[in-house]
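Chemist: predicted coordinates and the sequence they were generated for:
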Amino acid sequence: MSYSLSYAGSFKKDYKRLEKRGLPLEKLAEAIKIFTDSGSLPSECRLTNFREDMRIRGSVA
């Protein structure tokens, strides 16, 4: 089953910002393709709570 995605304006702006910074976008494109093809992501593409991870490591108050 294939899904279609519609991107919010904030995502488009964030994507352009990442492009301008020269960051690699291949993994993001791959994750989006996997998600649209199957409807879910494998565990290695798992989303994490970045702020909580930094709090655990002691980087954020």
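Modeler: Okay, I see it. Numbering: from 1, shown residues only.

Chemist: excluding its backbone neighbours, what's nearest Asp37?
Modeler: Ser2 (6.0 Å; CB to CB, 6 or more residues apart in numbering). C-beta: built from backbone N, CA, C; applies to glycine.

Chemist: count of neighbours near Ala31?
Modeler: The tally of other residues near Ala31 (other CB atoms under 10 Å) stands at 15.

Chemist: where's it relative to Ala8, distance?
Modeler: 17 Å (CB to CB, to the nearest Å).

Chemist: quick check, central residue of this structure?
Modeler: Leu28 (5.6 Å; CA atoms, centre = their mean).

Chemist: what about the helices in this structure?
Modeler: Secondary structure of the chain by DSSP state H: the helices cover 9-20, 26-38, 50-57.

Chemist: buried deepest among those helices, which one?
Modeler: Scoring those by mean neighbour count under mean count of other CB atoms under 10 Å gives helix 26-38 as the most buried, with a mean of 12.

Chemist: what angle separates that helix from helix 9-20?
Modeler: Interaxial angle, helix 26-38 versus helix 9-20 (axes from the mean of the first three to the mean of the last three CA atoms, to 10 degrees): 140 degrees.

Chemist: which residues does helix 26-38 contact?
Modeler: 1-5, 15, 18, 41-42, 45 (CB atoms under 8 Å, 6 or more residues apart in numbering).

Chemist: all good on my end, thank you.
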